[in-house]
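> Provided below for reference: sequence and predicted model.
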Amino acid sequence: RIASKRYLLVANAANAEKDLAWLRAAAAGEVSLCQMRPGVRFKGDVMVKDLKDPSLDEENLVDLALQGPVSRRILLRLVSRSSDRWRLQALKKT
């Protein structure tokens, strides 16, 4: 949640197209949000944007995943602001 009515979802690259299609279908009311409760749908207007779409210009985003046992150490070498270094050090392993 990035604002009261704005969310950012980062899908696994292998599932991104499938997830985007499902989100668009859910936004259009074509599918339920919950298998256990088929009547659950989005309320109000819902806009789904693919932030990898180059036509979005300044809104366009990409993500890069750095993974592995030394990834934090590598990132800490690249970050100069102490507030960012502190946030990186506070990350928990998952």
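Happy to help now that I have it. Numbering: from 1, shown residues only.

> ok, residue 63 touching residue 11?
No - contact criterion Cβ atoms under 8 Å: residue 63 and residue 11 do not qualify, at 9.6 Å. In short, each C-beta sits where N, CA and C put it, glycine included.

> Of these two, which one has the most company?
Taking neighbours as other Cβ atoms under 10 Å, residue 63 and residue 11 compare with residue 11 leading, 15 against 9.

> Before we move on, what's the pLDDT of the more buried one?
With respect to pLDDT, residue 11 scores 85.

> Contact partners for it?
Contacts for residue 11 were tallied using Cβ atoms under 8 Å, 6 or more residues apart in numbering; they are 19-20.

> Report the buried residues of the longest helix along the chain.
In the chain, taking DSSP state H as the definition, the longest helix is helix 16-27. Neighbour counts using 16 or more other Cβ atoms under 10 Å place 20, 22-23, 26 of helix 16-27 among the buried residues.

> Ok, stretch 32-41 next?
Applying 16+ other Cβ under 10 Å to stretch 32-41 flags residue 41 as buried.

> Return the helix or strand in this structure with minimum mean pLDDT.
helix 82-90 (a mean of 85; mean pLDDT, DSSP states H and E).

> Just the CA atoms of the longest helix of the chain, as CSV, please.
Taking Å, rounded to 0.1, in the frame of the first residue of the first chain, the C-alpha atoms of helix 16-27 are listed here in CSV:
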residue,chain,number,x,y,z
ALA,A,16,3.6,-11.4,-14.4
GLU,A,17,1.4,-11.8,-17.6
LYS,A,18,-1.0,-14.2,-15.9
ASP,A,19,-1.3,-12.1,-12.8
LEU,A,20,-1.9,-8.9,-14.8
ALA,A,21,-4.6,-10.7,-16.8
TRP,A,22,-6.3,-11.8,-13.6
LEU,A,23,-6.1,-8.3,-12.0
ARG,A,24,-7.6,-6.8,-15.1
ALA,A,25,-10.4,-9.4,-15.1
ALA,A,26,-11.0,-8.8,-11.4
ALA,A,27,-11.1,-5.0,-12.0
